[in-house]
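S.K.: how does the following fold in three dimensions:
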Amino acid sequence: MENNQNIPPQHSPEEDEIDLIALAKTLWNGRRTVIKFTLVFIAIGLFVAIFTPKEYTASTMLLPQTNKSSKLGGSLGGLAAMAGIDLGSSGGDGGISPLLYPEILNSIPFQLELLQTPLNFKGQNAPVTYAKYYTDIASPGLLGYIKKFTIGLPGTILSAIKGKPTDNGELTTDNGILSITPEEQELIEGLTSQINIEANKKDGYITLNTNMPEALAAAQLANKAQQLLQSYIIKFKIQKATEQLQFIEDRYTEKHNVFKASQQKLANFRDRNQNVTTAIAQTELQSLESEYDLAYSVYSELAKQLETQQIQVKEDTPVFTILKPVSVPMLKSKPNRPMILFIWTFLGAIAGVGMVFGRDYLGTIKEKWVNS
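M.R.: Okay, the predicted model is just below:
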């Protein structure tokens, strides 16, 4: 008998059916609340869909190609060998990984250069830079103003209280540390949200996308970002080889002058002493010839090294294959108004159902509290 008392009561299918019917009845009784919430959210969705500014997306796809071999092969290596130039120890190291391209794109020097990109906008007689457009011309729109004076109101008040910090507005200081103004920082944050770069780890290509309120401006910004990214990659890749080339060129120029001077000195001595056969003259001639031979040997070796390094710089320079060139987008990418309306309608229905069941649950809790 005691064991039977510990057995929990079993729910019959009829009781479960009654529970479902009760839930359905609760939902039906609160249908007005669900409809009201849905209509309110639909109105909000329509407002957001109508006043969300248009955006156009321009994209490009490029594939960086570099020589990863340790030697210069083929006809170039053979031609260099015929000239007495050894290229056995030269060669590229594979270049910069495409996974690092987003870091280059987000660097301050890169973005400051991109802020000065001239763009064409409707209503402007001449191209204006990105910085000037978003500082003096662009309007944030109705949603932008609402966001500024609601979510962004605390930040606006704090900025007004603190005032604008003094800044010299220069990119670099005397010790080489980067320094930007608050206005530039705000522009950079906006630019970062409008540019996206993705690297394909498997195939090695990269995709660059830019979003702008006008189609032509989006294409121009994407094209400038692509060109600037290529120049940065090339600069980083050949930096070491270029510095070595500059060093060799400087030494080559010095030894070229020394060689010319010794050559001229030897020629002048021979002209002045054509019929002189004294031992002193012969000793002086031998000294000048030795000086000339040494200068020529160093100069000739540097000439070979210079040619080698010039080839090395060309070999290390990355080549970019443009798989998808930049084009002016024909259709806007944002906003997707039907999707916005659908999402807000769905959220409204969920909020209404939650309100109905929440209110019913709170009523049940209150009733139990009163009767206890």
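S.K.: low-confidence stretches in the stretch 101-250 of the chain?
M.R.: By pLDDT under 70, the weakly predicted segments of the stretch 101-250 of the chain are 139-176.
S.K.: what about the helices in it?
M.R.: Along the stretch 101-250 of the chain, the stretches classed as helices by DSSP state H, counting those that start in this stretch are 101-105, 108-115, 130-132, 141-148, 153-162, 182-194, 215-237, 239-272.
S.K.: export the ones you listed to CSV and append columns for distance to Ser333 and mean neighbour count.
M.R.: (Glycine included, C-beta is placed from N, CA and C.) Converted to CSV, those look like this (distance: least, C-beta to C-beta, whole Å; neighbours: other C-beta atoms under 10 Å):
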stretch, distance to Ser333, mean neighbour count
helix 101-105, 20, 17
helix 108-115, 20, 17
helix 130-132, 19, 19
helix 141-148, 17, 13
helix 153-162, 28, 10
helix 182-194, 12, 15
helix 215-237, 9, 19
helix 239-272, 37, 14
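S.K.: identify the residue nearest the geometric centre of this protein.
M.R.: Leu105 (2.4 Å; C-alpha atoms, centre = their mean).
S.K.: show me the contacts for that residue.
M.R.: By C-beta atoms under 8 Å, 6 or more residues apart in numbering, the contact set of Leu105 is Gln111, Ile195, Ile197, Ala225, Leu229.
S.K.: which residues does the closest residue in space to the first one that isn't next to it in sequence contact?
M.R.: The spatially closest residue to Gln111, leaving aside those adjacent along the chain, is Ile188, at 5.0 Å (C-beta to C-beta, 6 or more residues apart in numbering). Contacts were defined as C-beta under 8 Å, 6+ apart; by that measure Ile188 touches Ile108, Gln111, Leu112, Leu115, Ile180.
S.K.: what does Val370 give?
M.R.: If you count contacts by C-beta under 8 Å, 6+ apart, Val370 has none.
S.K.: for the helix or strand where Thr60 lies, buried residues please.
M.R.: Using DSSP states H and E, Thr60 sits within strand 56-65. Judged by neighbour count using 16 or more other C-beta atoms under 10 Å, the buried positions of strand 56-65 are Tyr56, Thr57, Ala58, Ser59, Thr60, Met61, Leu62, Leu63, Pro64.
S.K.: same for that strand, what does it pack against?
M.R.: Helices and strands touching strand 56-65, by 3 or more C-beta pairs under 8 Å, 6 or more residues apart in numbering; DSSP states H and E, are strand 206-212, helix 215-237, strand 319-324.
S.K.: I'd like those as JSON lines, with distance to Leu285 appended.
M.R.: Output for the helices and strands packed on strand 56-65, formatted as JSON lines (distance: least, C-beta to C-beta, whole Å):
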{"stretch": "strand 206-212", "distance to Leu285": "65"}
{"stretch": "helix 215-237", "distance to Leu285": "51"}
{"stretch": "strand 319-324", "distance to Leu285": "54"}
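S.K.: so which of the ones you listed is nearest Asn336?
M.R.: Nearest to Asn336 among the helices and strands packed on strand 56-65 is strand 206-212 (13.6 Å), distances taken as C-beta to C-beta.
S.K.: what lines up beside the closest one in the sheet?
M.R.: Take DSSP bridges as the rule and strand 206-212 pairs in its sheet with strand 56-65 (antiparallel), strand 195-199 (antiparallel).
S.K.: what about those, which gets the closest to Leu266?
M.R.: strand 56-65 (50.1 Å).
S.K.: quick one on the thing from earlier: what's the farthest-apart pair in the contacts of Leu105?
M.R.: Using C-beta to C-beta, the two most remote members of the contacts of Leu105 are Gln111 and Ile197, lying 12.4 Å apart.
S.K.: adding distance to Thr207, write the strands paired with strand 206-212 out as JSON lines.
M.R.: Shown next, in JSON lines, are the strands paired with strand 206-212 (distance: least, C-beta to C-beta, whole Å):
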{"stretch": "strand 56-65", "distance to Thr207": "5"}
{"stretch": "strand 195-199", "distance to Thr207": "5"}
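S.K.: show me what contacts the closest residue to Asn200 other than its chain neighbours?
M.R.: Among residues not flanking Asn200 along the chain, Ile206 sits closest, at 7.0 Å (C-beta to C-beta, 6+ apart). Listed by C-beta under 8 Å, 6+ apart, the contact partners of Ile206 are Met61, Leu62, Leu63, Pro64, Pro98, Tyr101, Ile197, Glu198, Ala199, Asn200.
S.K.: equivalent analysis for Leu208, please.
M.R.: Applying C-beta under 8 Å, 6+ apart to Leu208 gives the contacts Ser59, Thr60, Met61, Leu62, Ile195, Asn196, Ile197, Ala222, Ala225, Gln226, Leu229.
S.K.: partner residues bridging it?
M.R.: Thr60, Ile197.
S.K.: repeat that for Lys334.
M.R.: With DSSP bridges as the rule, Lys334 is bridged to Glu55.
S.K.: got a pLDDT number for it?
M.R.: Looking at Lys334, its pLDDT stands at 78.
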